[in-house]
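Asks: Got a predicted structure here, sequence first:
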Amino acid sequence: MARSWRLRHKLILGLALVVVSIGLLLGGAMLGLSSYFKTMGTTDRKLDEMQCVTQLRDHIHKIGEATPLDLGKEPDVNKEKAHILGRLADAEHTLSAYRATLTEQTLRQNLDPDGGEYELAQIADLQKGFARLREAVVVATQAAISKDTAPPLIQQTPVQDAYQALTRMARDLFLHLISDVKTSFEGSKANHRRSLTIIGAATAIAFVLVLTLLYYFRQWVFAPIRSLQAGVQRVHRGDFDNPIKLTSHDELEELAIEFNAMTVRLRDVYRDLAQQVNERTRQLVRSERMVSVGFLAAGVAHEINNPLASIAFCSEALERRLQELLTRAPGETEVIAKYLKMIQQEAFRCKQITQKLLDFSRTGGRREPVELSALIADVLEVAQHLPNARGKRFIFQPEATVIAPVSGPDVKSVVLNLVVNGLDSMEEGGTLTAALTTRGEFAELSFTDTGCGMTNEVLENIFEPFFTRNRTGNGTGLGLSISHQIVDQHGGGIYVTSAGPGKGSTFLVRLPLREIAPVEAPKSRPATNADADVLAFPAARAA
């Protein structure tokens, strides 16, 4: 039951038991000391009483001694009387001193085993005996005076009887005092034995108590603290998956629970930071690769533009110069003019293509409110006429009319990339489902196909530049990377999920419903505007 207590209750219990054991030890010691001091006090008082009683016995004994008279002369009754009464007065004085010692010291300090009742009764009897002896002496003296011859006063029967009674009472009082001393010593011995028993029992209890407290303190305090310390060390080493397990049902268990909760939060933050670092690293790699692509595109376009310009210029010059010569051969005029015009058109077409390559180094188009459901519908209408859409079905499920501040051509490029990517991943009879909804401050565009699906390795690298696992074997691996950059530049995100190979894929695009400042990009970061559709379309197949 104690294990369900709070830690403070356990500590208070241990402290109380320690105090009790110490109290028992002190109680036994105090009992022994008090018994010793009481015995010493009783013995001292009884010795004083015995001294008084001894003097009393001496005075009574002297009453029975021969009178200090010449043995050869007639006894003097009056002198004998004076001698007896003098010794009797000394005995009475000693008895008074004994009474004072008994009442003022022994009884007041409660040092007499029987409360002094016997001593007081003996004192009263002695006083009566003194009175009876005095009376007997007076009577015997008067009788001796009236007679010519009489024995000594002390030998007369009344005086002798009174004297013997006094002697017997003094002796009994002395023996009683000896008995009191013995009783006091016996009580002291009993208290001493009792004190030793209490001290021995208290010592045994204290020993058992100390062992018990050590055991329970180890279970209640030491072991939980070691578990907490081990848990802190595990967290310090980066191990967040082994929580601290305590069942002490006290503050330490609550501390362990809070520490485990903190560890879980720290683990989540750590994993989130690791994911963010990985994502930022991938973005940096993509940015660096796209910078290289931008430089490459700019260089190639610049190098191709010069000969294309020369071809166009030469074709125009030839057309002017051949006009006079062609009048002489009217049959060839139409054919030559047609071929020169074709050279000019194809040269300008190549120039447009190189211009699109140069657009890789520019930022996206101007953002304005765009109705996203109409935008998606337009892209799907165009995609229905693509060769890879043959035998495949489109489903568009907009939940609401959503207007977002975006660059329309850029978002069209993203949607077209995802649609073509989904079409390339499906066989005939597949279904591509597009959906539009809002969640919080973001619009969510989802594109789900019933195609070949993706493995975890593909999911991790799907947005990397030049990464492609297109099942048709076509594509450069730039379409999804460009789409990721467009969405990221808008302040949104693009995500992909797949249940596995053969189970289809879902691309989710999140775009903010309010305008967010575009993310700064390197100078040569590829742009994805309307002119990039020609490049973005086949690149989407590469994913």
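Replies: In hand now; what should we look at?
Asks: isn't there a strand covering residue 433?
Replies: Yes. According to DSSP: H, G, I helix; E, B strand; the rest coil, residue 433 belongs to a strand.
Asks: For it, give the beta-bridge partners.
Replies: Beta-bridge partners of residue 433, counted by DSSP bridges, are residue 395, residue 448.
Asks: surely it meets residue 392?
Replies: No. Applying Cβ atoms under 8 Å, one finds residue 433 not in contact with residue 392, separated by 11.5 Å. Where C-beta positions appear, they are placed from N, C-alpha and C, glycine not excepted.
Asks: of these two, who's got more company?
Replies: Neighbour count, other Cβ atoms under 10 Å: between residue 433 and residue 392, residue 392 has more, with 21 against 17.
Asks: Residue 419 versus the more buried one, what's the distance?
Replies: 10 Å (Cβ to Cβ, to the nearest Å).
Asks: Which neighbours do the two have in common?
Replies: residue 432 (Cβ atoms under 8 Å, 6 or more residues apart in numbering).
Asks: which residues in the chain form helices?
Replies: All helices of the chain, identified by DSSP state H, fall at 7-63, 77-101, 117-146, 157-217, 223-236, 251-328, 330-358, 372-383, 408-424, 456-461, 479-489, 533-542.
Asks: Please list all residues in contact with the residue nearest the centre of the chain.
Replies: Nearest to the mean C-alpha position of the chain, by Cα atoms, centre = their mean, lies residue 255 at 1.7 Å. Counting by Cβ under 8 Å, 6+ apart, residue 255 touches residue 228.
Asks: Residue 488: how many residues sit nearby?
Replies: Residue 488, neighbours per other Cβ under 10 Å, totals 18.
Asks: Test for you: state the pLDDT assigned to it.
Replies: We have a pLDDT of 85 for residue 488.
Asks: Relative to residue 510, how far out is it?
Replies: 11 Å.
Asks: joint contacts of these two?
Replies: Contacts common to residue 488 and residue 510, judged by Cβ under 8 Å, 6+ apart, are residue 494.
Asks: so where's the stretch 1-150 of the chain uncertain?
Replies: Residue ranges of the stretch 1-150 of the chain with pLDDT under 70: 1-5, 35, 66-75, 105-115, 147-150.
Asks: make it 80
Replies: Flagging of the stretch 1-150 of the chain using pLDDT under 80 yields the residue ranges 1-11, 13-14, 17, 21, 24-25, 27-50, 64-78, 101-118, 140-150.
Asks: wouldn't residue 145 be in contact with residue 81 here?
Replies: No. Contact criterion Cβ under 8 Å: residue 145 and residue 81 do not qualify, at 9.7 Å.
Asks: So for the two, which sits in the more crowded spot?
Replies: Taking other Cβ under 10 Å, residue 145 and residue 81 do not tie; residue 81 has more neighbours (21 against 12).
Asks: For the residue nearest to that one when sequence neighbours are not counted, give me its contacts.
Replies: Excluding its sequence neighbours, the residue lying closest to residue 81 (Cβ to Cβ, 6 or more residues apart in numbering) is residue 141, at 4.7 Å. If you count contacts by Cβ under 8 Å, 6+ apart, residue 141 has them with 77, 78, 80, 81, 153.
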